[in-house]
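Student: coords please:
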Amino acid sequence: MHRPARLRGLAPAAALLLLTGCSGGGGGVQGEPGAAGVRDPLFPRLGNGGYDVRHYLLTLDYEPRTGRLAGTAEILARATQDLSAFHLDLHRMTAEDVTVDGEAAAADQAGDELTVRPRRDLTEGSLFRTVVRYSGTPRTITDADGSEEGWLTSPGGALAVGEPAGSMAWFPGNNHPGDKATYDIAITVPKGLKAVSNGELARETTNGRRTTFVWRSAEPVASYLATLAIGPYRLTSSRTPQGLPVLTATDPAAADTARVSARIPEIVEWGTGRFGPYPFSSAGAIAVRDGVVGYALETQNRPVIPAGQFDTTTLVHEIAHQWYGNSVTPRTWQDMWLNEGFATYAQWLWAEDFEDTPVRESYEAAFADSANWAFPPADPPSAARISDAPVYGRGAMVLHRVRLAVGDRTFAGIMKGWAKTYRHANASTADFTAYAEKVSGKDLDPVWKTWLYGKGRPSRP
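Tutor: The predicted structure follows:
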């Protein structure tokens, strides 16, 4: 995410054949309800316990004139315990019908929790398929810091963004970065509009006055990185020098972003040299008109960026997130600096390589900024502060102190190795500190104590 004002098709058939269903008759399974919430340090109610989602198949129909969304979510998951019930996160949409492995299931809604009770208990380790038919008018969610996410309306369309909690505004799921899954999203909209999402466009078909777009994400996606942009977008295709597809969607009101978006292949190639192989099957961006969303967000494959913020620096930041945040995803929201510190440091590296600004100067400017010392980057004091300056600027300073401690060559290896070792996985601050010490062979405890967890600003940079 980049907030400069505050620095702040269908499911694979093979997968569906793996379904094993609920436990059979006989003595049955004495399951227990899965937890409502995964006890994230900053967002304890987000996510759910008892299962691990493997795949989402979302079939959606949106009518911009009325604002109504009708959807069917097919969720393939594996039970991580014996389950008598489990929860899905769904915000102010009505679940009309729920089945588990083809059998009707009892379902209750309270707040943002949809509680599902299968007819028979689910056995630990079993794969099961939940189908939820739902509809309503998706809502905008206002976060603790005042920013807006979830479902945002735009002239003639809509935009769905989800950091940290907004995905539950448009589909039911396990709404926490610790449970990544693959996605197929089929979205039907009025003819003449485009519907853009993550991954690859598998199919576009028009039937009468409606057009359906099918998007497929074969690599795992954290729910907060799923996106959907509906409107009169223009799609532009290109490739990087190494042949990676690049697809950019541009709102006509953001047409002046074309010159900057043309640099995406160059930025991806640069990132490949700095961070290792690009982790996804395509790149790109979604340029939205100003006034729809107040910040840029690193939605997977193609970041969402408002026209007024669509500059090279922001693009570098959001593309760097494809390695750090999207592929290597934080285990909890307390680990947010692993996203933003790395992406901010990528900006410093770009400025050094292309703008004659040594990293040392960027580091010293961040050190001098008192906003970066409000709290330790690895310990945000509340959910409202995860997009504040220390997570970005001081997070990047932590990385530079590691670089100074281990040397340029070893540090470059850490940057690439971290992205490779945890590719498409989740990782925590503890994972990173252990990894950096293992690779460097050095005790970096002084760096962690002072720069990652220290409560005051050192006397000198």
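
Student: Looking at stretch 250-269 now, give me its mean pLDDT.
Tutor: Mean pLDDT, stretch 250-269: 97.

Student: Enumerate the positions of that stretch that are buried.
Tutor: Thr250, Asp251, Ala253, Ala254, Thr257, Val260, Ser261, Ile264, Pro265, Ile267, Val268 (16 or more other CB atoms under 10 Å). Where you see a C-beta, it was placed from the backbone N, CA and C, and this is true even at glycine.

Student: The fifth one is in contact with Thr312, isn't it?
Tutor: By that I understand Thr257. No: contact criterion CB atoms under 8 Å: Thr257 and Thr312 do not qualify, at 11.0 Å.

Student: Among the buried residues of stretch 250-269, name the ones in strands.
Tutor: The members of the buried residues of stretch 250-269 that map onto strands under DSSP state E are Thr250.

Student: Output the buried residues of stretch 250-269 as a markdown table; include the columns distance to Arg119.
Tutor: Formatted as a markdown table, those follow (distance: CB to CB, whole Å):
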| residue | distance to Arg119 |
| --- | --- |
| Thr250 | 48 |
| Asp251 | 46 |
| Ala253 | 50 |
| Ala254 | 49 |
| Thr257 | 52 |
| Val260 | 54 |
| Ser261 | 50 |
| Ile264 | 49 |
| Pro265 | 52 |
| Ile267 | 51 |
| Val268 | 48 |
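
Student: Now do the strands in the stretch 51-200 of the chain.
Tutor: Assigned by DSSP state E, counting those that start in this stretch, the strands in the stretch 51-200 of the chain fall at 51-63, 68-79, 83-89, 94-100, 103-104, 106-110, 113-117, 127-136, 140-142, 148-154, 157-161, 181-190, 194-197, 200-207.

Student: Tell me where this structure is predicted with low confidence.
Tutor: Within the chain, the stretches with pLDDT under 70 are 2-28.

Student: Could you point out the longest helix of it?
Tutor: Longest helix in the chain by number of residues (criterion: DSSP state H): helix 337-354.

Student: Where do the strands of the stretch 201-350 of the chain begin and end?
Tutor: Using DSSP E, counting those that start in this stretch, the strands of the stretch 201-350 of the chain run over 210-221, 228-231, 234-239, 245-250, 283-288, 304-306, 328-330.

Student: With just CA atoms, put the longest one into CSV.
Tutor: Meaning strand 210-221. The C-alpha trace of strand 210-221 is given here as CSV (Å, rounded to 0.1, in the frame of the first residue of the first chain):
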residue,chain,number,x,y,z
ARG,A,210,-24.5,-8.7,-20.5
THR,A,211,-20.8,-9.6,-20.7
THR,A,212,-19.0,-12.1,-18.5
PHE,A,213,-15.3,-11.9,-17.7
VAL,A,214,-13.6,-15.0,-16.2
TRP,A,215,-10.3,-14.4,-14.3
ARG,A,216,-8.1,-17.1,-13.0
SER,A,217,-5.3,-16.8,-10.3
ALA,A,218,-3.3,-20.0,-10.3
GLU,A,219,-0.9,-18.7,-7.6
PRO,A,220,-2.1,-18.3,-4.0
VAL,A,221,-3.8,-14.9,-3.2
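
Student: Could you tell me which strands sit next to that strand in the sheet, and their orientation?
Tutor: For strand 210-221, the paired strands and their directions (DSSP bridges) are strand 181-190 (antiparallel), strand 200-207 (antiparallel).

Student: Determine the angle, from 0 to 180 degrees, between the last one and strand 245-250.
Tutor: Strand 200-207 and strand 245-250 are oriented at 50 degrees to each other (axes from the mean of the first three to the mean of the last three CA atoms, to 10 degrees).

Student: What's the local residue count around the closest residue in space to Arg209 that isn't next to it in sequence?
Tutor: The shortest distance from Arg209 to any non-neighbouring residue, by CB to CB, 6 or more residues apart in numbering, is to Lys191 (5.0 Å). Neighbour count of Lys191, defined by other CB atoms under 10 Å: 11.

Student: If anything else comes up later, I'll come back, but that's it for now.
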